[in-house]
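> structure for this input, please:
(2 chains)
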Amino acid sequence: MQSTESVFKDIRKDFPILERKVRDNKPLVYLDNASTTQKPNQVIDSITDYYQNHNANIHRAVYALAEEATEAYEATRDKIANFVNIQNRQEIIFVRGTTEAINLVAYAWGRPHIKEGDIVVTTEYEHHSNIVPWQLVTQEKGAKLEYIGMDDNGELILDDLDKILATGKVKLVTFSLMSNVLGTITDAEKIIEKCKAAGVLTLIDGAQAVPHMKVNLEKLDCDFFAFSGHKMLGPTGIGVLWVKKQVLETMSPFHGGGDMIREVHKYETTWNDLPYKFEAGTPNIADVVGLGAAIDYLTKIGMDNIRQHEIELTKYAIEKLSHVRGLHIYGTKDISKRGGVISFNFADVHPHDVAQIIDEEGIAVRSGHHCAQVLMERLNVAATSRASFYIYNTREEIDVLVNSLNIVAKVFKL
Amino acid sequence: MSSNADIYHEIIVDYSRNPINYGKIEDHDVTFHDSNPLCGDSIDIDLKINDEKVTDIKFHGKGCAICMACSSVLTEITKGKSLDDVRKIEKNDVLSELGLEHLQAVRIKCALLSLKVLKSALYTYLGKHLENSQDMDKLKDEAANLY
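Numbering: from 1, shown residues only, chains lettered A, B, ... in the order given. Purely as a prediction, here's the structure:
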């Protein structure tokens, strides 16, 4: 087996927070990467450098600092284009995160295009951010929201999609490329192929996928794609929406204000060119610069290496956890179909209680519904515990997690 | 210094495994449901009220050990009390029973969800049975200041 150990050996040194001790002087074992990731010095330093040396507003003034700030901001747009293979940089819009990106589409594309009786299709394993915006717009328009179901293995039932597409009323199919709870990797190519045959647009929530595997948007050829910076070593409050140009041209503006206009008169306004029409107001410049540094960092490691590292960790974790008596892991056991996210329940112990007890050992896992209550309902559970991995996690940390479950077993007399 | 995991002493674990007054009252006089939006804990409380007294109380729902133990203790405290006395139950009455006075902020909502549901049930009942609007306003103030 080809190991990526040498690539990842020194990575932890770049993350000062991983040196921290928590609770009773326990080394931090950070396993909540599906929520947000830690930041390397390279990202933190890029933001400090921006504020210390280049800070100015962009796209307007002619002085030196403004030019540097604009260059740094626009450089990240090019890095993104390169990172996920987008040919036209005008199709890349900076937003606060995936949630804002999907809301932007629901508002600026959905409201003008979705009519009474139309159908929007989402899936049973979506994050609330890919359900609620569509509930809002379909309710407003008298349209319907329908779901692609999930089988017991945690994979989508694509026959459901065929049935819904056959109605001829579907306007959009929206789905995540990787489930934030089960780690299931969606067969996006098949969904997009079916949708294209039916003349239906597709939106992909890439928040969980982009940080962990090579994503090629030109090859995928969906219509909308969204992801967040903070789940891929970047700062919070910055994300990306990509929209295919011919679709973007049919969209109304999202926010009105400065920077998104060409000419403003008392009673009418003409819009700026793409993508600026959708970037009203002074944007989050420093964090765009930080996201650029995160992309540089990930590119240097290589996305294929990252995927391989996580496959090895996940395989190891599933193997170790499946020996813990009373522990149930959700989702597919087929590693090729899942990312580094493991949701589990431990006997009858509530996930909050699991999380609190192992927190004393320095372990950070998420417990709760993970903003996926529709999925919790489908799994017939109130909540799960979730461990999710990233580039800096190690096998030793998984051992700490597995050992800590013995303490839970002891407390709850399992 | 005690650690946060010390809250999981025997009584809490026992209560969570074997909750007291768990279930439904089919012919309840008032029922109320609430949930904790952050963690998904969800509790229903049914009350049977006779002569201004809570003669029976049952709860059901899904929650962590802290939530279930506190719900059990709360129903034990409440049963048999007059409505005026139920109105006076405070958060420390519940927490102190289980030694949870110093529960960290993130878990306090787990511990007090059932108290919130009980108070809401009580106010719902009183609201329906109050005769003058002045009392109703007082009740609204009281409800608003619960947390």
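> check which helices and strands the longest helix seen in chain B sits against.
For chain B, the longest helix by residue count, based on DSSP state H, is helix B:105-129. Secondary-structure packing of helix B:105-129 (3 or more C-beta pairs under 8 Å, 6 or more residues apart in numbering or on different chains; DSSP states H and E): helix A:351-359, strand B:30-35, strand B:42-50, strand B:53-62, helix B:65-78, helix B:83-87, helix B:91-97, helix B:133-144. Glycine gets a C-beta too; all of them are placed from N, C-alpha and C.
> using TSV, please lay out these together with mean pLDDT and distance to residue A:251.
Listed next are the helices and strands packed on helix B:105-129 as TSV, based on pLDDT from 0 to 100; distance: least, C-beta to C-beta, whole Å:
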stretch	mean pLDDT	distance to residue A:251
helix A:351-359	95	40
strand B:30-35	95	37
strand B:42-50	97	39
strand B:53-62	96	42
helix B:65-78	96	45
helix B:83-87	94	55
helix B:91-97	93	50
helix B:133-144	73	43
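> can I get those in CSV with mean neighbour count and distance to residue A:20?
Compiled in CSV, the helices and strands packed on helix B:105-129 are given as follows (neighbours: other C-beta atoms under 10 Å in any protein chain shown; distance: least, C-beta to C-beta, whole Å):
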stretch, mean neighbour count, distance to residue A:20
helix A:351-359, 25, 14
strand B:30-35, 18, 34
strand B:42-50, 20, 35
strand B:53-62, 19, 34
helix B:65-78, 25, 27
helix B:83-87, 15, 46
helix B:91-97, 16, 31
helix B:133-144, 12, 41
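> how near is the spatially most central residue of chain B to residue B:29?
What sits nearest the mean C-alpha location of chain B, by C-alpha atoms, centre = their mean, is residue B:115, with 2.6 Å. Distance, residue B:115 to residue B:29, using C-beta to C-beta, to the nearest Å: 19 Å.
> what residues does the stretch 301-414 of chain A put near chain B?
Residues of the stretch 301-414 of chain A lying close to chain B by C-beta under 8 Å from any C-beta of the partner chain are A:348-353, A:356-357, A:359-360, A:367-369, A:373, A:376, A:382-383, A:407, A:411-413.
> just the buried members of those residues?
Buried members of those, scored by 16 or more other C-beta atoms under 10 Å in any protein chain shown, are A:349-353, A:356-357, A:359-360, A:367-369, A:373, A:376, A:382-383, A:407, A:411-412.
> OK, contacts around the residue lying closest to residue B:16 once chain neighbours are set aside?
Here the nearest residue to residue B:16 in space, its sequence neighbours aside, is residue B:65; by C-beta to C-beta, 6 or more residues apart in numbering or on different chains that works out to 3.7 Å. With contacts defined as C-beta atoms under 8 Å, 6 or more residues apart in numbering or on different chains, residue B:65 is in contact with A:349-350, A:352-353, A:412, B:8, B:12-13, B:15-16.
> among those residues, which pair sits farthest apart?
Between any two of these, the greatest separation by C-beta to C-beta is 15.2 Å, found for A:352 and B:15.
> which stretches of chain A aren't confidently modelled?
Where chain A drops to pLDDT under 70, the residues are A:1-3.
> looking at residue B:99 now. What's its pLDDT?
Residue B:99 is assigned 92 on the pLDDT scale.
> from chain A, how far out is it?
15 Å (C-beta to the nearest C-beta, to the nearest Å).
> part of a strand, is that residue?
No - per DSSP: H, G, I helix; E, B strand; the rest coil, residue B:99 lies outside any strand segment and is coil.
> separation between the residue nearest to it when sequence neighbours are not counted and residue A:333?
Leaving aside its chain neighbours, residue B:99 sits nearest to residue B:9 (7.0 Å; criterion: C-beta to C-beta, 6+ apart). Residue B:9 is 37 Å from residue A:333, where distance means C-beta to C-beta.
> for residue A:93, same thing?
Computed with C-beta to C-beta, the distance linking residue A:93 and residue A:333 is 38 Å.
> among those two, which residue is more densely surrounded?
residue A:93 (25 against 12; other C-beta atoms under 10 Å in any protein chain shown).
> helix, strand or coil for that one?
From three-state DSSP, the assignment for residue A:93 is strand.
> how about the contacts made by it?
Here residue A:93 is in contact with A:101, A:104, A:240-243, A:275, A:278-279 (C-beta under 8 Å, 6+ apart).
> is it in a bridge, and if so with what?
Using DSSP bridges, the bridge partners assigned to residue A:93 are residue A:241.
> tally of neighbours for residue 4?
Here I'm looking at chain A. By other C-beta under 10 Å, neighbour count at residue A:4 equals 19.
> to clarify, I was referring to chain B.
Residue B:4 sits with 17 neighbouring residues when counted by other C-beta under 10 Å.
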